[in-house]
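Mind folding the following:
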Amino acid sequence: MRVLIIGSGGREHALAWKLRQSPGVETVLTAPGNGGTAAEGENVAISEQDIPALVACAQSRNIDFVIPGPELPLTLGVVDAMRAAGIPAFGPDAWCARLEGSKAFAKRIMQQAGIPTAACGVFSRQEEAAAFVKKSGAPIVVKADGLAAGKGVIVARTVPEALDALDMIMGEQAFGTAGSTVVIEEFLEGEEVSLLCFCDGATALPLPSAQDHKAAFDNDTGPNTGGMGAYSPAPVLPDGDLERLADIAVRPVLRELARQGHPFVGILYAGLMITPKGPKVLEYNVRFGDPECQPLLMRLDSDLLDVMRACTGGRLHEIGLKFKPYAAIGVVLAAEGYPGVYAQGMPITGIDAAERADPDAPGAIKVFVAGAQQVGGVLVAGGGRIACVTALGRDLASARQRAYRAMELVRMDKGRYRRDIGAKGLRQRPGSP
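Just a heads-up that it's a prediction; the model follows:
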C-alpha cells in the first residue's frame, strides 16, 4: 500500500518508521515531513492545513491510506475530505475532532456521557470569567477553549495569577481566536497519566499507559510546552487497570458520539488525573500524543497498518494488540528559549552515534526527528522541539539510563533537555488508581 502521513513532528517520524516495518507498506509519503521522515520515504512540500492540496496529492500519487498526525488537520476536516474522495483515512471526522478542538464541546460530551471530570465554567466575556475566578478562589485552572499547541492551559496558584491568565488569553489574545472562550476548572490534586485507545466507532483497545512531561524545566517548573519527554508504562496506571479505565474514560464517549451520529474512528487519548477520589478526565486528544507516540510505538509489536485498517474498517474487535514486554522512555531535545523565542539554524550531529550507544542491544535506541530538516546533507534545527531520543529497557530505570546516555552523544548548540524525565515513575509503585 501507498501511505500518506500528514504532519512534521517527532510523532510523524515515529509513525513513518513504524509503518516502514509493515510488509503491507510499499511507499511512505509525509506532508510536509522533516529531516527524519525524509529517511523513511519521501517528503511532500504541502502544509498540514492545506486540505484541498493534501487531497489532490493523495489522488495524484495513488495513495491507498492517509494518516493525519496532528490535531489541526483533523479539526479542519481532512478525514471528511479524504473519505469524500474515496480514500480511507485513520482519524475522526471534524465533528468528533472538536473533542480536542473545543474544550467546551469536550466538557459537554463528558457530561452527556457521564464521564468523571473537574467542575467548570465556560465564559466568552472576560469580566464574567474574572468574577467566577474571584468567587471560586485558587488554585484554579484556566484553559483557552481552542487549539493552542499544548500551551493554552494555565494552572494558577493564586487569584491574581488566574486574572493575569485571563488578561493574557482573552485580553491580549496570546493564542488568537483559540482564547475567545475560556474554560475555568477546579484544580485537581493527583498524578497525571495518559490513556490512549485505538477506536473503530464501537470498539476501543487500550494501549499501555504513558506519562508526558509538559513543563519546560526540571521538577515540572516553567511554562507549558508541547511536551519535553514521556515514558511507558506509568506505574500509576498498571496494565491490569487499563480495561477498567477504558470503561470509565473512553467507551462511554464512544457510545455517546455514536448515539449522536458520529462514530469515532482513530486514536482517542484521555488525559487523566488519578485523584484520591478516583480517576477524572482532564481533556481529550483525538490523535497520538507527541512525545507519547514515540515510546508507545517503540513498544508496539503489532503491525501498525493492520491495526489502523481494522479501525477504519470497523473490524477492531477481530484483532488484539501486542506489545514488547519492556519499558520505553523518550527525552526531547529542544532549542533554548522554547516555548518562547528560540534560535534556529543550528547543525545537529551525533544521531547515528546515539542510536549505536548500546551495541549489546541493537534497535533499543531510536532518535525521532521533529523540528529539523536536511540541508545539504546536514540536519539543521528549524523548530522548538528538535528530536526525541527514545530507548527501550527491561524496566524504566534501564530504559532511562540508556536514553540519557544516548542523549549525551547528540550535539547541538543552544539546545537543552530536561534531566528528570521518568524520575517520577521511579518514585512510584504500581497501584490501583
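
if I look at the residue in the chain sticking out farthest from the centre, how far off is Pro233?
Using CA atoms, centre = their mean, the residue of the chain lying farthest from its centre is Lys135. It sits 33.8 Å away. Distance, Lys135 to Pro233, by CB to CB, to the nearest Å: 40 Å. C-beta: built from backbone N, CA, C; applies to glycine.

Asp420 too?
18 Å.

Which of those two has more residues huddled nearby?
The neighbour comparison of Asp420 against Pro233 (other CB atoms under 10 Å) goes to Pro233, with 25 against 16.

Surely the more buried one and Ala327 touch.
Yes. Using CB atoms under 8 Å, Pro233 is in contact with Ala327, at 6.7 Å.

And the contacts of the host helix or strand of the residue farthest from the centre of the chain?
Following DSSP states H and E, one finds Lys135 within helix 126-136. By CB atoms under 8 Å, 6 or more residues apart in numbering, the residues outside helix 126-136 that reach it are 121, 123, 140, 142, 156, 159, 162-163, 166-167, 170-171, 182, 184, 186.

How far off centre is that helix?
31 Å (CA atoms, centre = their mean, to the nearest Å).

Quick one: name whatever helix or strand follows it.
From helix 126-136, the next helix or strand downstream (DSSP H and E) is strand 140-144.

who's in contact with that next one?
Outside strand 140-144, the residues touching it (CB under 8 Å, 6+ apart) are 103, 118, 133, 152-156, 159, 162, 165-166, 169, 175, 178-179, 182-187.

and that strand, which residues are buried?
140-144 (16 or more other CB atoms under 10 Å).

same deal with stretch 125-139?
Within stretch 125-139, the residues that count as buried by 16+ other CB under 10 Å are 126, 129-130, 132-133, 136, 138-139.

Equivalent analysis for stretch 145-162, please.
145-148, 150-156, 159, 161-162.

Which residue in the residues you listed has the weakest pLDDT?
Of all the buried residues of stretch 145-162, Gly150 has the smallest pLDDT value, namely 69.

Could you list the low-pLDDT ranges of the stretch 101-250 of the chain?
Counting by pLDDT under 70, the stretch 101-250 of the chain contains low-confidence ranges at 150.

90 - rerun?
147-154, 223-224 (pLDDT under 90).

And the strands in it?
120-123, 140-144, 153-156, 182-186, 191-200, 204-206, 211-212, 215-217, 221-224, 229-232 (DSSP state E, counting those that start in this stretch).

Could you spell out the sheet neighbours of the second one, each with its direction?
Yep, that's strand 140-144 we're talking about. strand 153-156 (antiparallel), strand 182-186 (antiparallel) (DSSP bridges).

Touching, His95 and His262? I think so.
For residue 95 the amino acid is Trp, not His. Yes. Counting by CB under 8 Å, Trp95 touches His262, with 4.7 Å between them.

picking up where we left off before, and the strands paired with strand 140-144 as CSV, adding distance to Met82?
What follows is the strands paired with strand 140-144, written out as CSV (distance: least, CB to CB, whole Å):
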stretch, distance to Met82
strand 153-156, 30
strand 182-186, 30
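
Could you work out the most separated pair of the buried residues of stretch 145-162?
Leu147 and Val159 (27.0 Å; CB to CB).

would Trp17 count as being in a helix?
Yes. Counting by DSSP: H, G, I helix; E, B strand; the rest coil, Trp17 is found in a helix.

so it makes contact with Glu40?
Yes. Between Trp17 and Glu40 there is a contact under CB under 8 Å: 5.6 Å.

can you give me the helices for the stretch 251-400 of the chain?
Assigned by DSSP state H, counting those that start in this stretch, the helices in the stretch 251-400 of the chain fall at 251-259, 293-299, 304-312, 351-355, 396-407.

domains for this structure, by residue range?
The chain is divided into the following domains under automatic domain parsing: 2-89, 125-180, 191-426.

as a whole number, average confidence for stretch 376-394?
In the prediction, stretch 376-394 has an average pLDDT of 97.

So which bits of it are buried?
379-393.

Let's see that stretch as PDB, backbone CA atoms only.
Output of stretch 376-394 as PDB, limited to C-alpha atoms (Å, rounded to 0.1, in the frame of the first residue of the first chain):
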ATOM      1  CA  GLY A 376      22.900  20.000   2.100                       C
ATOM      2  CA  GLY A 377      23.300  16.600   3.800                       C
ATOM      3  CA  VAL A 378      23.300  18.200   7.300                       C
ATOM      4  CA  LEU A 379      20.500  18.100   9.800                       C
ATOM      5  CA  VAL A 380      19.600  21.700  10.800                       C
ATOM      6  CA  ALA A 381      17.300  22.900  13.600                       C
ATOM      7  CA  GLY A 382      14.200  24.800  12.500                       C
ATOM      8  CA  GLY A 383      11.800  24.400  15.400                       C
ATOM      9  CA  GLY A 384      11.400  24.400  19.100                       C
ATOM     10  CA  ARG A 385      11.400  20.700  19.700                       C
ATOM     11  CA  ILE A 386      14.300  19.200  17.700                       C
ATOM     12  CA  ALA A 387      14.400  15.500  18.400                       C
ATOM     13  CA  CYS A 388      13.200  12.800  20.800                       C
ATOM     14  CA  VAL A 389      15.800  10.300  22.000                       C
ATOM     15  CA  THR A 390      13.800   7.100  22.700                       C
ATOM     16  CA  ALA A 391      15.000   3.900  24.300                       C
ATOM     17  CA  LEU A 392      13.700   0.500  25.400                       C
ATOM     18  CA  GLY A 393      14.800  -1.200  28.600                       C
ATOM     19  CA  ARG A 394      13.900  -4.200  30.700                       C
END
